[in-house]
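> Just the structure for this:
(one chain, ligands or ions: 1)
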Amino acid sequence: MSFTELGLSPELLRAVADRGYTEPTPVQREAIPHVLAGRDLLAAAQTGTGKTAAFVLPILQRLSVTPSAHESPGIRVLVLTPTRELAVQIEESVKTYGAHLPIRSAIVYGGVPMAPQIAALRRNPEIVVATPGRLLDHTWSGNLDYGAVEVCVLDEADRMLDMGFIDDIRQILSWLPTERQNLLFSATFSDQIRRLSAKLLRNPVSVQATPSNTATELVRQVVYLADRDAKPAALVRLIRSGEVRQALVFVRTKHGADKLASHLTRASIRTAAIHSNKAQLQREVALEDFKAGKVDVLVATEVAARGIDITALPHVVNYDMPSVPADYLHRIGRTGRAGIDGVAINLVSPEEMPQLVDIERLLGAPIPREPLPGGTVAAPRRSGPPADRHNRHSGSRPPGANRRGGGWNGLPGERRAEVSSGGRARSGD
Ligand code: AMP
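Residues are numbered from 1 along each chain as shown. Below you'll find the model as predicted:
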């Protein structure tokens with residue numbers, strides 16, 4: 001099937017062709033006709049499936065062919081998304097696909113000054129892409145009027161709920177006109193998501209881009225068993241041997257991200273780190289450097305990595321295994337995107353076996369264990385007391401026992417540093 005058969009306007013077809021897409025992805029093929037027809041949509045689609053264009057293209061078409069029912073200009077489309085990176089990526093898609101249409105958009109996210117966003121909101125954008133918290137701030141300050149909203153998109157709804165945005169979302173939805181089109185995208189479907197969709201969506205069409213547990217088909221996955229303290233050296237070895245080229249490396253904590261980045265930098269590996277304690281500009285520079293190939297390794301926390309759009313990312317490394325199995329799917333969704341095969345490498349310590357078991361249960365298949373190329377890496381000798389952390393935690397730990405954050409898996413002595421620097425128990429951002 002080609003894009004022409006989806007009923008998109010010539011301006012949008014031109015933009016899609018400019019982008020080099022030859023045919024729609026499955027979620028685009030299934031969702032676009034329904035969204036064009038004005039239906040509510042419940043889409044099971046994770047990042048990497050082309051879901052952004054699946055809602056942005058038909059929304060742009062709607063805005064360009066149907067005038068607003070309102071006399072005065074106002075926001076016609078509100079897109080809520082969990083992170084600033086994702087917000088930036090969606091707004092870039094709006095601009096890319098809307099390149100040949102006179103449609104204005106604005107973007108609203110936290111961690112940066114309000115003033116430029118206020119100025120953008122005053123220019124009467126038809127589309128606003130926002131993270132919930134900052135959108136509330138703008139609303140309380142009187143910078144927004146929702147009276148003309150006709151389409152509401154909840155993107156990565158599962159992640160927004162995971163991040164505790166449910167009350168903000170409910171509040172925002174209560175301000176929108178009741179007569180509107182609603183689109184909900186989520187990679188996973190917890191009971192909470194089902195309740196939200198049941199409340200939000202009217203007679204929705206359901207589309208399923210990739211059933212969550214087959215999301216892995218394009219990605220070769222491997223487990224290397226490595227003691228926790230041996231992981232830094234194991235990663236260095238994988239990179240030096242060429243086994244890992246450009247890689248996005250997931251770690252559990254911000255402190256862990258910084259420590260690992262310093263370790264890799266000391267090993268002369270070009271590395272950058274992103275997490276929520278980094279200024280927005282630093283995060284953008286790190287991402288741009290990574291995309292431009294100026295750094296080989298981008299170390300990231302779960303949340304900071306969310307929404308990163310890098311086509312053809314060859315490797316994802318789970319340096320710390322995720323505690324929530326669904327996060328594994330999100331992470332490996334960073335590679336094997338848009339038809340490109342990828343590799344997901346898991347460095348699993350004995351303490352992390354329960355997480356691995358949960359992940360394999362979700363996948364419905366074991367992940368192959370392979371010996372670390374070049375043989376086992378010995379953990380560095382420790383100068384501390386003999387009862388080491390490893391022994392304390394290994395063996396009979398119940399599943400989930402080490403899931404309450406603070407479980408820094410890095411170099412000796414670093415856990416103490418994390419505690420004394422006030423590191424929070426919550427993982428990621
Ligand atoms: P998304 O799932 O929206 O994050 O998109 C994942 C990646 O797929 C992005 O890099 C898009 O630019 C790319 N993409 C989206 N639609 C297509 C398409 N029809 N053909 C090829 N690549 C696409």
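> how close does Ile107 sit to the ligand?
Taking C-beta to the nearest ligand atom, to the nearest Å as the measure, Ile107 falls 16 Å from the ligand. To be clear about C-beta, it is placed using only N, CA and C from the backbone, and glycine gets the same treatment.
> what's that residue in contact with, if anything?
Ile107 sits next to 87-88, 91, 117, 120, 128-130 when contact means C-beta atoms under 8 Å, 6 or more residues apart in numbering.
> Grab the nearest non-local neighbour of it.
Nearest non-adjacent residue to Ile107, counting by C-beta to C-beta, 6 or more residues apart in numbering: Glu91, 4.3 Å away.
> Check whether that neighbour sits in a helix, strand or coil.
helix (DSSP: H, G, I helix; E, B strand; the rest coil).
> Would you agree it is in contact with Ser105?
Yes - using C-beta atoms under 8 Å, Glu91 makes contact with Ser105 at a distance of 5.7 Å.
> Identify the contacts common to the two.
Val129.
> Next to the ligand, which bits of the stretch 1-150 of the chain? Give me the list.
21, 24-25, 28, 47-53 (C-beta under 6 Å from any ligand atom).
> can you rerun that using 8 Å?
3, 16, 19-25, 27-28, 45-54, 89, 93 (C-beta under 8 Å from any ligand atom).
> which stretches of the protein form strands?
For the chain, the strands defined by DSSP state E occupy 41-44, 77-80, 105-108, 127-130, 151-154, 181-186, 205-208, 219-225, 247-251, 271-274, 297-301, 315-318, 342-348.
> Mind putting the ones you listed into CSV with mean pLDDT?
Shown next, in CSV, are the strands of the chain (pLDDT from 0 to 100):
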stretch, mean pLDDT
strand 41-44, 93
strand 77-80, 98
strand 105-108, 97
strand 127-130, 98
strand 151-154, 98
strand 181-186, 96
strand 205-208, 88
strand 219-225, 90
strand 247-251, 93
strand 271-274, 93
strand 297-301, 93
strand 315-318, 92
strand 342-348, 91
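> Minimum distance to Gln280: which of those strands has it?
strand 271-274 (10.3 Å; C-beta to C-beta).
> The closest one: partners in the sheet, and parallel or antiparallel?
Strand 271-274 has its sheet partners listed here by DSSP bridges as strand 297-301 (parallel).
> What sits closest to Arg220 if chain neighbours are left out?
Sequence neighbours aside, Val343 is the residue nearest to Arg220 in space, at 4.9 Å (criterion: C-beta to C-beta, 6+ apart).
> Which residues are in contact with that neighbour?
Listed by C-beta under 8 Å, 6+ apart, the contact partners of Val343 are 219-222, 314-316, 335.
> got CSV for those residues, with distance to Pro67 and neighbour count too?
Below are the contacts of Val343 laid out as CSV (distance: C-beta to C-beta, whole Å; neighbours: other C-beta atoms under 10 Å):
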residue, distance to Pro67, neighbour count
Val219, 45, 21
Arg220, 50, 16
Gln221, 50, 23
Val222, 54, 13
Pro314, 46, 16
His315, 48, 23
Val316, 45, 25
Thr335, 43, 26
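> so how many other residues sit close to Asp137?
Using other C-beta atoms under 10 Å, the number of residues around Asp137 comes to 15.
> go on, the one 10 residues further on?
The local packing count at Gly147 equals 12, with neighbours defined by other C-beta under 10 Å.
> Ok, Ala120 next?
Using other C-beta under 10 Å, Ala120 is surrounded by 17 other residues.
> Am I right that it is in contact with Ala106?
Yes - contact criterion C-beta under 8 Å: Ala120 and Ala106 qualify, at 4.0 Å.
> Look up the pLDDT of Asp168 for me, please.
According to the prediction, Asp168 has pLDDT 96.
> While we're on the residue nearest to it when sequence neighbours are not counted, how confident is the model there?
Excluding the flanking residues, the one nearest Asp168 by C-beta to C-beta, 6+ apart is Pro132, at 3.8 Å. Turning to Pro132, the model gives it a pLDDT of 97.
> What is the nearest of the contacts of Val343 to the ligand?
Proximity to the ligand was ranked across the contacts of Val343 by C-beta to the nearest ligand atom; first place goes to Thr335, at 11.6 Å.
> buried stuff in stretch 262-271?
Buried positions in stretch 262-271, judged by neighbour count with 16 or more other C-beta atoms under 10 Å: 263-264, 269, 271.
> got the residues you listed as a markdown table, with distance to the ligand columns?
Below are these laid out as a markdown table (distance: C-beta to the nearest ligand atom, whole Å):
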| residue | distance to the ligand |
| --- | --- |
| His263 | 30 |
| Leu264 | 26 |
| Ile269 | 26 |
| Thr271 | 23 |
